[in-house]
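In: compute the structure for the input listed below.
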Amino acid sequence: MAINIDHPTFGPGGNSDAFKAAGKKSTAEAPEWLKSIGLDAYEFEAGRGVNAGEAALRKIGEEAKKHGILMSLHAPYFISLSSVEEEKRTKSIDYISRSLAAAELLGADTIVIHTGSAASISREEAMRLAADTLERNLEVNGNTDIRMGLETMGKINQLGTLEEVITLCKTFPKYHPIVDFGHLNARNIGSLFTDCDSYRKVFDTIGSELGDEYVRNLHCHFSKIEYTSKGEKKHLTFADTVYGPEFEPLAEAIIREGVAPRIICESDGTMSDDALAMKRMWMAAGGKV
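Out: Now for the predicted structure:
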């Protein structure tokens, strides 16, 4: 699916506390509400499985189209491309198939896929297994027009450094990188994003390794994340002043790079508030819709 948006877009991953406080109960109400507060994207959370029915998914998609909300879907967390168990990797392909079917009903242009673990095996073996699963998935789902994204991960023992994701996407160009800046910051123990240039490096690396078409409308996640020596511990809100990362340098990087990413906020309960804060920071830095 060709994605060609000329400015960054912002939205929440799932329904926030503010959405519920506004008296909203159904996700079908989310697109109109998001538009009313100034947001333009939404990620449907299917991390625990695609449990919504066909009619419900189609209704959400119709509302999103009506109100101009760009849709994506987070595929189940239990996908493991690098599992040493053949059955789990085969099931992972089925979960991707189900996610794509749900995304079609939602009118979503992107699904987000976790890459798997490298806890009990070497990273080289994990990459080999993940590549095998991704190749097999293309035999089943290779004709989809929906962007299949591989997410950078936050725990050190997980597969999913930026370099690993780029390598998999380079091997199989059908897949696209999903950059979670909070995850990358957490797995680097908070040392990765210190200024505008450290963010720009992410865009430049993807562009040079995969091409401008992969970086122009990059699908991103952003939240502040608490970490330990093992990486990601838990998602926080923008009220946190300890862990980061901070968004202002990323807003500047987006403008200086001339890119138009979609940024999905995964803060703990304040996803819509913090997504709106990011949009305002980007506009304050000189961004224009």
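In: what does the lengthiest helix in the chain rub up against?
Out: Counting residues, the longest helix in the chain under DSSP state H turns out to be helix 86-106. Applying Cβ atoms under 8 Å, 6 or more residues apart in numbering, the external contacts of helix 86-106 come out as 44, 46, 49-50, 52, 54, 57-58, 60-61, 64, 71-73, 75-76, 78-83, 108-111, 113, 129, 132-133, 136-137, 140-141, 144, 146, 148. In this view, the C-beta of every residue, glycine as well, is placed from N, C-alpha and C.
In: and these, which of them are buried?
Out: For the contacts of helix 86-106, a burial check counting by 16 or more other Cβ atoms under 10 Å picks out 44, 46, 50, 52, 57-58, 60-61, 64, 71-73, 75-76, 79-83, 108-111, 113, 129, 133, 137, 141, 144, 146, 148.
In: still on that earlier bit, quick one: average pLDDT of the longest helix of the chain?
Out: The average pLDDT for helix 86-106 rounds to 98.
In: quick one: the helix or strand just after it to chain centroid distance?
Out: As assigned by DSSP states H and E, the chain's next helix or strand after helix 86-106 is strand 110-113. Taking Cα atoms, centre = their mean, to the nearest Å, the mean C-alpha location of strand 110-113 is offset from the chain mean by 7 Å.
In: what about residue 27, neighbour count?
Out: Residues near residue 27, counting by other Cβ atoms under 10 Å, number 21.
In: wait, a helix at residue 226?
Out: No: applying DSSP: H, G, I helix; E, B strand; the rest coil, one finds residue 226 to be strand, outside a helix.
In: that one reaches residue 233, doesn't it?
Out: Yes: if you go by Cβ atoms under 8 Å, residue 226 and residue 233 touch, sitting 4.5 Å apart.
In: list the contacts of residue 156.
Out: Counting by Cβ under 8 Å, 6+ apart, residue 156 has contacts 187, 230-231.
In: residue 280 too?
Out: For residue 280, no contacting residues are found, by Cβ under 8 Å, 6+ apart.
In: between residue 226 and residue 233, what contacts are shared?
Out: residue 186.
In: separation between residue 281 and residue 113?
Out: 29 Å (Cβ to Cβ, to the nearest Å).
In: now residue 151: closest residue in space that isn't a chain neighbour?
Out: residue 178 (4.2 Å; Cβ to Cβ, 6 or more residues apart in numbering).
In: what helix or strand does the one you found sit in?
Out: Under the criterion of DSSP H and E, residue 178 resides in strand 175-180.
In: following element in sequence after that strand, please.
Out: Downstream of strand 175-180 (by DSSP H and E), the next one is helix 181-187.
In: I'd say residue 50 and residue 74 touch.
Out: No: contact between residue 50 and residue 74 fails when scored by Cβ under 8 Å: they sit 10.3 Å apart.
In: a helix runs through residue 50, doesn't it?
Out: No: counting by three-state DSSP, residue 50 is not found in a helix; it is coil.
In: what number of residues lie near residue 191?
Out: 8.
In: quick one on the thing from earlier: who wins on neighbours among the contacts of residue 156?
Out: Comparing these by number of neighbours (other Cβ under 10 Å), residue 187 comes first, having 25 neighbours.
In: can you tell me how far that residue is from residue 145?
Out: Plainly put, residue 187 is 32 Å away from residue 145 if you go by Cβ to Cβ.
In: need the helices for the protein, in chain order.
Out: Taking DSSP H to define them, one finds helices in the chain at 17-21, 30-37, 54-67, 86-106, 123-141, 162-171, 181-187, 196-210, 212-215, 248-257, 271-284.
In: run the chain-centre distance for the fifth one.
Out: Average the C-alpha atoms of helix 123-141, do the same for its chain, and the two points are 20 Å apart (Cα atoms, centre = their mean).
In: now do the same contact list for the closest residue in space to residue 40 that isn't next to it in sequence.
Out: Leaving aside its sequence neighbours, residue 40 sits nearest to residue 9 (Cβ to Cβ, 6+ apart; 4.6 Å). By Cβ under 8 Å, 6+ apart, the contact set of residue 9 is 40-41, 70, 260-263.
In: now residue 257, nearest residue through space, not along the chain?
Out: Per Cβ to Cβ, 6+ apart, closest to residue 257 is residue 203, 4.7 Å.
In: look up how far residue 187 lies from the one you found.
Out: 19 Å.
In: try residue 272
Out: From residue 272 to residue 187 the distance is 26 Å (Cβ to Cβ).
In: same question, residue 271
Out: Separation of residue 271 from residue 187 (Cβ to Cβ): 21 Å.
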